[in-house]
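Participant: Structure here, sequence nowhere to be found:
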């Protein structure tokens, strides 16, 4: 049996800010984008969470709930630096460490001196090192697989430590609402409720064939999660995790129902996505449009291309068609575009892409070189300008 630990840093961005600026310690701190503009909460300290402020909440609502809070713009450089230093601590306990985000990581302790019952002792040492070296706290879950470890790490936040087995998982989680399952959002929970599934236990016992008909292959995955079954490996940081998609999104300065403004923003975002694909050597065959309206209802729509691309023009035209087909004229708060179905440029799948229009390819290369040297705004599309 495997021994997997999931480490989740507590209110990471806010906690790092409190370390770098002790004046913030013990106060309701909200980390966001530019506080003078519209946006959402990235992380809130636990002092702010007492007032109902939570990640993803619009700043306007956060200010209503916590008007005396301290609102600061996040500093990604600081968070990345600390995250990389935390990785060095994890590597002292096992070489098989998978950072799942900037503030979370899975550790495979199987075969180490910290496997099985000794895992708790290892987790206590990890927490001690994190506190001593960074003055930060972490919540750790330990279980026989990644999914259960992830669920366990959230049970006693902040500064928690929980080790469970399959029987514990059923006792603790099967009586809880299905939307507490990691990866189940409001829409999926509502769809499950329509089928009469209210708790995680209901989902675990539900006929798989009905869920498969309703959700496709995700129906089987939902049942596996409800049962706490997961055989996915911990992928070591030195092997890397395959990139599945690349995209950009933008919260508009003001909600708008102007097609012109939406298309202008979409053009700029498509330009950024294409450039990022080329920088990292990827092409993709599926374009996805994301829209969030003024009521915070979000939709995503996608279209598969006839071939692979990394060109801004193709990405924009496809995204614009999706906008024309699926936008109903409601006021929009956020718009985004992404490309998925990625393949490495130069593979046999993508050879024809670069033989088709050599002149266009050379132009893109020149533009990218100029932007690398002089910045993104040295060349901009006329359609993105007011």
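Facilitator: Yes, it's here. Here the structure is a predicted model, which is why all the values come from computation and not from measurement.

Participant: Residue 304 - nearest residue in space that isn't next to it in sequence?
Facilitator: Closest residue to residue 304 apart from its sequence neighbours, by CB to CB, 6 or more residues apart in numbering: residue 286 at 5.0 Å. C-betas here are computed from N, CA, C, even on glycine.

Participant: quick one: contacts for residue 187?
Facilitator: With contacts defined as CB atoms under 8 Å, 6 or more residues apart in numbering, residue 187 is in contact with no residue.

Participant: i'd like the first residue to be 35 from this point on
Facilitator: Sounds good: first residue 35 from here, last item residue 221.

Participant: Please report how far it lies from residue 162.
Facilitator: Between residue 221 and residue 162 the computed distance is 41 Å (CB to CB, to the nearest Å).

Participant: How about residue 124?
Facilitator: The value you get for residue 124 to residue 162, if CB to CB is used, is 14 Å.

Participant: quick one: the strands in the stretch 185-334 of the chain?
Facilitator: Secondary structure of the stretch 185-334 of the chain (DSSP state E, counting those that start in this stretch): strands located at 195-197, 279-290, 316-327, 332-343.

Participant: Distance to residue 138, mean neighbour count and mean pLDDT for the ones you listed - can I get that in CSV?
Facilitator: Listed next are those as CSV, based on distance: least, CB to CB, whole Å; neighbours: other CB atoms under 10 Å; pLDDT from 0 to 100:
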stretch, distance to residue 138, mean neighbour count, mean pLDDT
strand 195-197, 15, 20, 98
strand 279-290, 19, 15, 91
strand 316-327, 23, 21, 94
strand 332-343, 23, 15, 91
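
Participant: Make CSV out of those and add distance to residue 49.
Facilitator: Output for the strands of the stretch 185-334 of the chain, formatted as CSV (distance: least, CB to CB, whole Å):
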stretch, distance to residue 49
strand 195-197, 17
strand 279-290, 25
strand 316-327, 28
strand 332-343, 28
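
Participant: nearest residue to residue 326 other than its sequence neighbours?
Facilitator: Distances taken as CB to CB, 6+ apart put residue 368 closest to residue 326, at 3.9 Å, once the chain neighbours are dropped.

Participant: Correct me if wrong, but that neighbour is in a strand.
Facilitator: Yes: with DSSP: H, G, I helix; E, B strand; the rest coil as the criterion, residue 368 is assigned to a strand.

Participant: Give the bridge partners for it, please.
Facilitator: Per DSSP bridges, residues listed as beta-bridge partners of residue 368: residue 285, residue 326.

Participant: Does it touch residue 287 like I think?
Facilitator: No: between residue 368 and residue 287 there is no contact, the gap being 11.4 Å when judged by CB atoms under 8 Å.

Participant: can you confirm residue 162 is in a strand?
Facilitator: No: looking at residue 162 with three-state DSSP, it is helix, so not inside a strand.

Participant: got the contact list for it?
Facilitator: For residue 162, the contact set (CB under 8 Å, 6+ apart) is empty.

Participant: can I see the domain layout of the protein?
Facilitator: The record, using automatic domain parsing to delimit domains, assigns the chain the ranges 35-196, 208-261, 279-418.

Participant: hmm, back to that, give the bridge partners for the residue nearest to residue 338, please.
Facilitator: Residues in beta-bridge contact with residue 320 (DSSP bridges): residue 338, residue 374.

Participant: How many residues are close by the nearest residue to residue 220 once chain neighbours are set aside?
Facilitator: Leaving aside its sequence neighbours, residue 220 sits nearest to residue 213 (CB to CB, 6+ apart; 6.9 Å). Applying other CB atoms under 10 Å, we find 15 residues neighbouring residue 213.

Participant: so residue 213 sits right up against residue 223, yeah?
Facilitator: Yes: the pair residue 213 and residue 223 qualifies as a contact (CB under 8 Å) at a distance of 3.9 Å.

Participant: Tell me the pLDDT of the residue nearest to residue 326.
Facilitator: For residue 368, the pLDDT comes out at 92.

Participant: Measure how buried it is and give me the count.
Facilitator: Here the neighbour count serves as a burial measure; for residue 368 (other CB under 10 Å) it reads 20.

Participant: I'd assumed residue 198 was in contact with residue 154.
Facilitator: No: using CB under 8 Å as the test, residue 154 is too far from residue 198 to be in contact (11.2 Å).

Participant: Name the residues contacting each of the two.
Facilitator: Shared between the contact lists of residue 154 and residue 198 (criterion: CB under 8 Å, 6+ apart) are residues residue 176.

Participant: neighbour-wise, which of those two wins?
Facilitator: Neighbours per residue (other CB under 10 Å) separate residue 154 from residue 198, with residue 198 holding more: 21 against 16.

Participant: Now that one: phi and psi?
Facilitator: Dihedral angles of residue 198 (phi, psi; degrees, to the nearest 10) stand at phi -130, psi 160.

Participant: Please tell me how far it sits from residue 207.
Facilitator: With the distance defined as CB to CB, residue 198 ends up 9 Å from residue 207.

Participant: shared neighbours, the two?
Facilitator: Taking CB under 8 Å, 6+ apart as the contact criterion, no residue touches both residue 198 and residue 207.

Participant: Okay, angle between the longest helix along the chain and strand 316-327 too, please.
Facilitator: Once the chain is assigned using DSSP state H, the helix that runs over the most residues is helix 293-314. Comparing the axes of helix 293-314 and strand 316-327 via axes from the mean of the first three to the mean of the last three CA atoms, to 10 degrees yields an angle of 150 degrees.

Participant: helices and strands around helix 293-314, which ones?
Facilitator: Helices and strands touching helix 293-314, by 3 or more CB pairs under 8 Å, 6 or more residues apart in numbering; DSSP states H and E, are strand 279-290, strand 316-327, helix 346-360, strand 366-374, helix 392-408.
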